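Peer 1: please find the sequence and the predicted model below.
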Amino acid sequence: MARGIALLQGLGGRVLGGRRPPASLWAPALLVAAAVALPPIYLLVRGLGAGSEFWDLLLRARTLETLGRTVALVGGVAGLSVALGLPLAWLTTRADLPLRRAWSVLLALPLVIPSYVAAYVVLAAFGPKGLAQQLLGPLLGIDRFPDIHGYPGALLTTTMVTYPYVLLGLQAALRGMDPSLEDAAQSLGHSRWSTFRRVTLPLLRPAIAAGALLTALYALSEFGAVSLMRYETFTWAIYLQYQASFDRVGAAAFALVLVVAAGGVLLLELRVRGRQRYHRSAPGTARRMKPVRLGAWRWPALAFCGLVTTATLLMPLGVLSYWVAQARLAGEPLRVVWSAALSSGYAAGLGAAAAVAGALPVAILAVRYRSFLTVALERSTYVGFGLPGIVVALALVFFGANLLTPLYQTIALLVLAYVILFLPQAVGAARTSLLQVNPHIEEASRSLGESHLRTTVRVTAPLIRPGVLAGAALVFLSAMKELPATLLLSPIGIKTLATVTWSAADSGFLARAATPALLLVLVSSIPMALLSFRGMRSEP
């Protein structure tokens, strides 16, 4: 083991000053990579063991059609999320937008809404005989609104719950950016728009790429929205193969295509973000940015924020509240499942802590010891985020029953699934924060006799703490909403808010599903609101 780590250290590159990566970073990073590799290994064992049947299935015309639909959804969601997140992040951090701190919280909260809940809400509002049809149809003289099923519904619903990934990353990047760079550009005669295009936007490239990557991989693995919208992507095809025909070979083949697609997305993101450095080169403390005056654009900006908030947050909450009220009027008792809320918070909290612990060594290696091997190690952690939860869960069931028997049917296996699925959220947040920390600060600490570990704990960790906390909050929120892996891996007798909501909704009891869904949104909103307020402390 020691010789293997020494070999990897030799391949892993050097940090500034000629130092090699220490074993204290390589050992945990390799353990993380081994855990993330479990689902692909399972898929290879299942798929390649089937022989020619596996390749025949991959080369079918329908497989290529499904791939086209999946790519269209991934590209659409990533592009639309950036188109929403970038202007909203600038308005809530750099402009004199009225109540911008409140807007920062409200615009981030759609992240806590599960995609299957958002899909039910969109169908209830805009589907056949939906609320929009009932309210607006008679006024407009329209007998039937256009069908929301298919690509439009899947694109709308998935974007509703994923654009905050881009928004939060860009807000953190804008708050941490030194305004003297933009001041220097404007002093040279550049307009605000020219400064934004030539200075600000290039500095935001890592955050844009990281946010777009998360939304793309989320769309790649999305199940709830695409199934309810009847838009066949690989994730839905995998579910049908498992549940309808019990064909694990076909499901493994489709899942391997997702792995390859996730690899393509990762390579594209790596190319987009480039290799530039984004930290300050001079010592000193960056001053705060003076808010840009919107003038006459204030009201269109307010209308834009209000429209996005209404569509992505207020409408889902309004429909859920309407269902709860209808249930009460019909005599349905109000069941507040506090035990499920406690189980959800406990499992999600453990998952967030474990993901952050695994993300830190990976992010430090990728940023401070950049080489082909460290970049490949960091990229490998994103594969699980592009896989459906059901695939990760079945892989862990396979390894748990055969190799990891002490973990089988325990909360530890569920936490491991959360780490594999949502580790990129913690890695991306930690990496973005590290890029904005000048490495010479850490070199100064080591030149004063501090060890690498003490430097990381006493110098680096406090500087990147906001980003790490943001990553932990994102993992917590995602784990709270996760459904397929939680259904398969939860220990016997443990129910979460996600499983209770899905069970009621899948049985057709939408009113009964509304209460746990609202409780899920409420519990998840607390860390999201705290995270948003914490990030706004540095604003003027």
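Peer 2: Nice, I can see it.
Peer 1: neighbours of Ala325, just the number please.
Peer 2: Using other Cβ atoms under 10 Å, Ala325 has 12 neighbouring residues. All C-beta atoms are positioned from the backbone trio N, CA, C, and that covers glycine.
Peer 1: tell me what the helix or strand containing it is packed against?
Peer 2: Using DSSP states H and E, Ala325 maps to helix 315-329. In terms of contacts (3 or more Cβ pairs under 8 Å, 6 or more residues apart in numbering; DSSP states H and E), helix 315-329 is packed against helix 115-126, helix 510-535.
Peer 1: let me know the average pLDDT across the first one.
Peer 2: Summarised as a single mean, pLDDT over helix 115-126 is 80.
Peer 1: could you do the longest one as well?
Peer 2: Looking at helix 510-535 alone, the average pLDDT works out to 74.
Peer 1: other SSEs contacting that helix?
Peer 2: Using 3+ Cβ pairs under 8 Å, 6+ apart: helix 510-535 touches helix 100-108, helix 115-126, helix 151-176, helix 315-329, helix 338-368, helix 461-481, helix 497-506.
Peer 1: of those, which shows the lowest average pLDDT?
Peer 2: Among these, helix 497-506 carries the lowest mean pLDDT, a mean of 75.
Peer 1: can you list the buried residues in it?
Peer 2: For helix 497-506, the neighbour count (16 or more other Cβ atoms under 10 Å) marks 497-502, 504-505 as buried.
Peer 1: by mean pLDDT, point me to the weakest helix or strand of this structure.
Peer 2: Using mean pLDDT, DSSP states H and E, helix 2-11 stands out as the lowest-scoring helix or strand of the chain, at a mean of 43.
Peer 1: and the angle from the following helix or strand past it to helix 338-368?
Peer 2: Sequence order places helix 23-36 as the next helix or strand after helix 2-11, per DSSP H and E. With axes from the mean of the first three to the mean of the last three Cα atoms, to 10 degrees applied, the angle from helix 23-36 to helix 338-368 works out at 130 degrees.
Peer 1: what's the first helix or strand after helix 23-36?
Peer 2: With elements assigned by DSSP H and E, the helix or strand that comes after helix 23-36 is helix 38-48.
Peer 1: and that next one, what other elements does it pack with?
Peer 2: helix 248-273, helix 389-402.
Peer 1: returning to what we had before: from the buried residues of helix 497-506, pick the one nearest Ala262.
Peer 2: Here the nearest of these to Ala262, counting by Cβ to Cβ, is Ala498; it sits at 23.2 Å.
Peer 1: any idea how far that closest one is from Ala485?
Peer 2: Relative to Ala485, Ala498 is positioned 10 Å away (Cβ to Cβ, to the nearest Å).
Peer 1: got it, and Gly471?
Peer 2: Noted for Gly471: a distance of 19 Å to Ala485, by Cβ to Cβ.
Peer 1: between the two, point out the one with more neighbours.
Peer 2: More neighbours surround Gly471 than the other of Gly471 and Ala485, with 30 against 25 (other Cβ under 10 Å).
Peer 1: which strand or helix spans His149?
Peer 2: Counting by DSSP H and E, no helix or strand carries His149.
Peer 1: ok, it touching Met229?
Peer 2: Yes - at 5.4 Å, His149 and Met229 qualify as touching, with contact defined as Cβ atoms under 8 Å.
Peer 1: quick one: which of those two has more around it?
Peer 2: Set His149 next to Met229 and count neighbours by other Cβ under 10 Å: Met229 wins out with 25 against 15.
Peer 1: quick one: residues contacting the more buried one.
Peer 2: Applying Cβ atoms under 8 Å, 6 or more residues apart in numbering to Met229 gives the contacts 119, 123, 148-150, 153-154, 157.
Peer 1: of those, buried ones?
Peer 2: Neighbour-count burial (16+ other Cβ under 10 Å) applied to the contacts of Met229 gives 119, 123, 148, 153-154, 157.
Peer 1: let me have these in TSV, extended by distance to Ala102.
Peer 2: Shown next, in TSV, are the buried ones among the contacts of Met229 (distance: Cβ to Cβ, whole Å):
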residue	distance to Ala102
Ala119	27
Leu123	29
Ile148	30
Gly153	30
Ala154	30
Thr157	25
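Peer 1: which one of those residues is nearest to Arg271?
Peer 2: Using Cβ to Cβ, Ala154 comes nearest to Arg271 of the buried ones among the contacts of Met229, at 26.8 Å.
Peer 1: rewinding a little: nearest to Arg458, of the helices and strands packed on helix 38-48?
Peer 2: When these are compared by Cβ to Cβ, helix 248-273 sits nearest Arg458, at 29.0 Å.
Peer 1: just checking, what packs against the lengthiest helix in the chain?
Peer 2: Secondary structure assigned by DSSP state H gives helix 61-94 as the longest helix of the chain. When contacts are defined as 3+ Cβ pairs under 8 Å, 6+ apart, helix 61-94 packs onto helix 100-108, helix 151-176, helix 205-221, helix 234-243, helix 248-273, helix 298-309.
Peer 1: repeat that with 10 Å
Peer 2: helix 52-58, helix 100-108, helix 151-176, helix 205-221, helix 224-228, helix 234-243, helix 248-273, helix 298-309 (3 or more Cβ pairs under 10 Å, 6 or more residues apart in numbering; DSSP states H and E).
Peer 1: looking at the helices and strands packed on helix 38-48, which is nearest to Tyr382?
Peer 2: With Cβ to Cβ as the criterion, Tyr382 lies closest to helix 248-273 of the helices and strands packed on helix 38-48, at 5.5 Å.
Peer 1: could you give the mean pLDDT of that closest one?
Peer 2: The model assigns helix 248-273 a mean pLDDT of 72.
Peer 1: neighbours of Gly400, how many?
Peer 2: Gly400, neighbours per other Cβ under 10 Å, totals 21.
Peer 1: contacting residues around it?
Peer 2: Shown in contact with Gly400 (Cβ atoms under 10 Å, 6 or more residues apart in numbering): 38, 393, 406-410, 412-413, 416, 489.
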